[in-house]
Structures are given as structure tokens and as C-alpha cells.
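Requesting a structural model of the entry that follows:
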Amino acid sequence: MSDFHLVDPEGWEYDLQSVHSAYMGYFQLHSVPWYDRSWGHLFETFEQFLVFSWPVITVTDARTGRAHIVTRLTSIGAFLKMIRTRFGETLPQIDNMLQVTPFETAQRHLRNVNDWTTYKKLYATLPAVALSALRARVRSGDPQAVRSIWASRDKTFLAVGFVWSERNSQTCLEWGYATMRCGHLDGLGAWPPVPGTNYRKGHYVIGEYANKIVNRLNPNYPWMYAFGESQVIPKAKLPRIIQSVISSLVSPDIETLANNLVLVGHGVQADIQRLEEMKIKFPPNTLVIDTATLQRTLSGSTHIPSKHQSPRPNIVTLLHSLGIQPPCMLNNAGNDAFMALYAFQRMVDPSSLPKDMVVSTMRPGVFHPTPVPSPQISGQHVPASSIRNHPSMLSTRSSYVGGMVGEVEKLSLTSPISPLLLPVTEGNRSGQAGRAGSLRARGGSNQRDTCASPLAMSPVDGGGREGLEKE
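Modelled structure (predicted):
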């Protein structure tokens, strides 16, 4: 098998073993006594059939995804010509042979098979050939291949999200992930997965940059994680945390078998590059699904993004194209990861999800139909009208002691409009927060009205306060 060269796969479309099987069926159908003919020994066994020395390549069928050892029609013609020349009998060229459409377009290795041992060695490579084609089909957004992975119910789908500083592309501000272990859920009878209860998810804010570095061109909202508790961590711990999450989901790297872990993301290549920069790598047999590419193939779009366009497509566009009103703030790493995984499930299995995801997935009191401002650093104003429209934006609280990040305190928002967001007025100078707790105003009686916010938000101007009270 060492003396081979490269050939174009076009025209290599007849499964070799099916050629032998087709002629045996022809002899049976037409009562041909092949065993009494001078050339009959060539069909006694498939091993004898291989003595002709067949030129073959390995490809996968674009329709089924199965791998095959195939030959050309001209080679079959050469075999029939040999029988006619050597034995003086003519066999017809039949049409019930298995014909495949090669998925591969790049040149393939040509091999000559003339015995069973050589064929068996080549046959043993077919699972790896099929896996290689499956990875390419999934990466290219082939709906049939992606849906077959989902239908197997044995994979673990992982979506990750990063938020990076606009000023320094190497500074990570947030990381979040969402995953669903389909094999585990199916084994428990919990199918289809319910996002709110069956997704494992997490969100991490880098403590060194929390409320110190704020993106302005494309604002991020680190304290607006809607699906659980945000954790503030040192930046040195982030790679270890990411690696531990991946390690808990990944299966061994086997050349002939797809990994249990499937990476999902919107513009996922950017996430992979970031992970590689952090010395975090996925096994080579990991399947990768880009929801942006999958959406283009499902919609029949032939548009290919230009290299000059942003490497990260906007997930809002994807959600709107699926008819999903984002129920949380995006540009939050945890929310982005959760919604990417949710959008993927909606694309491959729409019937598995309710039309309204807010009730089943959101934490109580957290709903953001339109963009809201993130907690700002001291000295900047937050319009009271924005606070009024989004009463749950203070669902996470961070405490800072001496400029260092302290513990994260979670606040339970039990009412549609949390009293924590009400400005301190003359009637509420003591900062009473009703049944949600109490907060004391830091300023004296001559201090301007202040928003009783646990996120150290700036004073609200008089015009904003008046507008809020009028409402």
C-alpha cells in the first residue's frame, strides 16, 4: 500500500465489494452456471475477485455519510475486457452496483488492491475516513449531519462565551458556558432537554477588572447574568476552571470515533482561537458546530462572510431570525453561551422547546426585553429611566474592600419592581427597601437623591428622579 499517488475523487463512485456482489446476483437471476465456466474461479470468493488488482480510493458518500472503498467504471470495464480476452466470453456491464457520490473534493490516495490482506487493512481505515468527513460536514453546517448527531442522544453539547476588553484584546473580562449532557439525560428519561433545568451553566467575572474596565463601543454587562450566580475569580484561575469544565465532559481521543463532546458556538472559531491562546485544546476528534454557518445552510443562503467582516457574528441576528426575543442581556458571557446553546437546540429540534422560554429558564424577576446599561464605575451617571425599565438589573452584587474584590452577595428579587432600585426620597430618606431588605443612604440630609443600589451606581440627576416619580 506504499506505492500510491493522488487522484481526483470525481468518477470514483462504485463500491468495490458491491461489484462482486452485483455480478453474483446477476448470475443467480439469469441462471448463469458461472461455476462451470473457465472464468468462474474469479467469482468463487471475494478474495479471488481481488486478484485482478483493483485500483481504489476511500471516500464517504455525501448522501449517507458512510465510508466506502470505491473504484471507477473504467476499471470495471478493464476487468470485463480481461475476461473476454483471456477466456473468450463476454459478460455484460450491469447497473445494480452500489454507486456513491464522494463527499470529498480534495485529491485522494490511490491504492491497488490485489489480495484480501491488503483489502482488510484498507477496510480498517474506513471509520477514520468517515469521522474525518463527519467533522467536515458538521463544521460546514450540513443539516443532515448535525441532526444525526442530535438524534443519537449520546453527545454532550458545550457552548462557551468570552468578553474581551476593547482596549486590550488579551484581557479577558468574563467567561461563561452552558452544556447539556444528552446521553445522561436520555438515560434518566429526561428527553428532550429543558433548558432551565437540564442545562449546566456558569458565569465567571475576572476580579481584577470588575467595574474597572468597561467596554464602551460594544458595552458588556458583567452583572446581568440571568441564569444563575456569577462568580468573581482571579484571572490566574480562569484557565484552570475552563480546563476542569472541559475535562468533566470530554471522552478519550480515538481516531475512529467521534468524541462525546461537541463544541457549539456562534462564530465558534474565535472561541477556539482564544482557548488555544490559553493553552487549552480540544481532542482532535471533537466535533465543532458553528450556529452561524448552520443557520445559513438551513435558510438556503449562499452568502459567505468576507474576511474583512467582523470575525464574530452577532448572536442577536441569529435569535431574531429564529423568532426568539432575547429574554436576557446579551454581551454577558454567560448569557451569550446559554442563548447560543438554546438557539442550537431550537434549530435542530424546534418541537422540543416551548415558544416562550422565559418562564422555564429565567431566574425570578430577571427579564430584559431591551438593552439596559451595565453597572458603571463611580463618577458616571445612569439614567433613572433605564433603571425604571429594568428593575432586575441588580440581581448580582459585588462587594469591594480596599479596592480588592470581596465576596459576591446574591440578592433575591421577589417583586416585579425591586425596592432596591427606588431612589432615596424625602419619604424614604432612611433607605428602607421594604420586604426585600433595607439599605442606608450614605449621604446626609443635604445630599442629592441617590439610587439605593448595591453596585455603587452614580447619583441620579434631578431630571431623571422627577421622571421616575411621575411614572
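
Check the gap between the residue sitting furthest away from the middle of the chain and G189 for me.
Note on the chain: the largest C-alpha distance from the chain mean falls to G88, namely 60.5 Å (CA atoms, centre = their mean). The spacing between G88 and G189, counted by CB to CB, to the nearest Å, is 67 Å. Just so you know, the C-beta spots here come from the backbone N, C-alpha and C atoms, and that holds for glycine as well.

List phi and psi for the residue farthest from the centre of the chain.
phi 80, psi 20 (degrees, to the nearest 10).

What of the one 3 residues further on?
The phi/psi pair for L91 (degrees, to the nearest 10) reads phi -100, psi 140.

From what I see, it and L80 are in contact.
Yes: using CB atoms under 8 Å, L91 makes contact with L80 at a distance of 5.3 Å.

which one of those two has more residues nearby?
L91 (18 against 15; other CB atoms under 10 Å).

Neighbours of R37, how many?
There are 16 residues near R37, going by other CB under 10 Å.

pLDDT averaged over stretch 298-311, what's the number?
Per-residue pLDDT values over stretch 298-311 give a mean of 57.

should've said stretch 180-192
92.

what's the distance between it and the middle of its chain?
18 Å (CA atoms, centre = their mean, to the nearest Å).

How about stretch 207-215?
28 Å.

List of residues touching the helix or strand hosting Y14?
Per DSSP states H and E: Y14 is located in strand 12-15. Applying CB atoms under 8 Å, 6 or more residues apart in numbering, the contact partners of strand 12-15 are 56-57, 59, 68-73, 76, 97-102, 108.

what do you get if the cut-off is 7 Å, keeping everything else the same?
57, 59, 68-73, 76, 97-102 (CB atoms under 7 Å, 6 or more residues apart in numbering).

likewise stretch 153-169?
For stretch 153-169, using CB under 7 Å, 6+ apart, the contacting residues are 149, 171-183, 186, 191, 213, 215-218, 220, 249, 260-265, 271, 274, 331, 333-334, 336-337, 340-341, 344.

go on, stretch 267-284?
160, 162, 239, 242-243, 246, 250, 253, 259, 263, 265, 288, 290, 292, 311-313.

Can you dump the C-alpha atoms of that stretch in PDB for me?
Listed next in PDB are the C-alpha coordinates belonging to stretch 267-284 (Å, rounded to 0.1, in the frame of the first residue of the first chain):
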ATOM      1  CA  GLY A 267     -18.700  32.300  15.400                       C
ATOM      2  CA  VAL A 268     -17.100  29.500  17.300                       C
ATOM      3  CA  GLN A 269     -13.700  29.700  15.600                       C
ATOM      4  CA  ALA A 270     -13.000  32.900  17.600                       C
ATOM      5  CA  ASP A 271     -13.600  31.000  20.800                       C
ATOM      6  CA  ILE A 272     -11.300  28.100  19.700                       C
ATOM      7  CA  GLN A 273      -8.500  30.600  18.900                       C
ATOM      8  CA  ARG A 274      -8.900  32.200  22.300                       C
ATOM      9  CA  LEU A 275      -8.800  28.800  24.100                       C
ATOM     10  CA  GLU A 276      -5.700  27.800  22.200                       C
ATOM     11  CA  GLU A 277      -4.000  31.100  23.300                       C
ATOM     12  CA  MET A 278      -4.800  30.000  26.800                       C
ATOM     13  CA  LYS A 279      -3.100  26.600  26.100                       C
ATOM     14  CA  ILE A 280      -6.500  24.800  26.200                       C
ATOM     15  CA  LYS A 281      -7.000  22.400  23.400                       C
ATOM     16  CA  PHE A 282      -9.800  20.000  22.500                       C
ATOM     17  CA  PRO A 283      -9.200  16.500  21.300                       C
ATOM     18  CA  PRO A 284      -8.800  16.200  17.500                       C
END
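
So which of the contacts of stretch 267-284 are in strands?
Residues of these located in strands (DSSP state E): 160, 162, 263, 265, 288, 290.

can you put the residues you listed in TSV and add pLDDT and distance to P143?
Formatted as TSV, the ones in strands among the contacts of stretch 267-284 follow (pLDDT from 0 to 100; distance: CB to CB, whole Å):
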residue	pLDDT	distance to P143
V160	93	23
F162	92	27
L263	95	18
G265	89	17
V288	94	16
D290	92	13
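
What subset of those is buried?
160, 162, 263, 265, 288, 290 (16 or more other CB atoms under 10 Å).

Can you tell me which of those lies closest to P127?
Closest to P127 out of those is V288 (19.3 Å), distances taken as CB to CB.

N285 versus the closest residue to the closest one other than its chain neighbours, what's the distance?
The shortest distance from V288 to any non-neighbouring residue, by CB to CB, 6 or more residues apart in numbering, is to L263 (4.9 Å). According to CB to CB, L263 and N285 sit 12 Å apart.

What segments of the chain are strands?
6-7, 12-15, 54-60, 67-72, 108-109, 111-113, 156-164, 172-181, 200-206, 230-233, 261-265, 287-290, 396-401, 404-410.

Is P313 in contact with T293, as I believe?
No: the criterion here is CB atoms under 7 Å, and P313 misses it with T293 at 9.4 Å.

Which one of the two is surrounded by more residues?
Using other CB under 10 Å, the more surrounded residue of P313 and T293 is T293, with 23 against 19.

Check what pLDDT the more buried one gets.
In this model, T293 carries a pLDDT of 90.

Wait, it touches G141, no?
Yes: counting by CB under 7 Å, T293 does reach G141; the two are 3.7 Å apart.

give the contact list for N260.
Counting by CB under 7 Å, 6+ apart, N260 has contacts 155-156, 250-251.

Tell me which two of the residues you listed sit farthest apart.
K155 and V250 (11.4 Å).

which residues sit in contact with the residue nearest the centre of the chain?
For the chain, the residue sitting closest to the mean C-alpha position, by CA atoms, centre = their mean, is V264 at 0.7 Å. The neighbourhood of V264, defined by CB under 7 Å, 6+ apart, consists of 157-159, 289, 291, 340-341, 344.

Between the contacts of N260, which sits nearest S352?
When the contacts of N260 are compared against S352 (criterion: CB to CB), the nearest one is K155, at 14.8 Å.

so what's that closest one closest to, chain neighbours aside?
V262 (4.9 Å).

Show me what that neighbour is bridged to.
Counting by DSSP bridges, V262 forms beta bridges with F157, L287.

Quick one: residues contacting it.
So V262 contacts 149, 155-157, 287, 289 (CB under 7 Å, 6+ apart).

how much space is there between the closest residue to Q93 other than its chain neighbours and I324?
Computed as CB to CB, 6+ apart, the closest residue to Q93 that is not its neighbour in sequence is L80, at 6.4 Å. As defined by CB to CB, L80 lies at a distance of 59 Å from I324.
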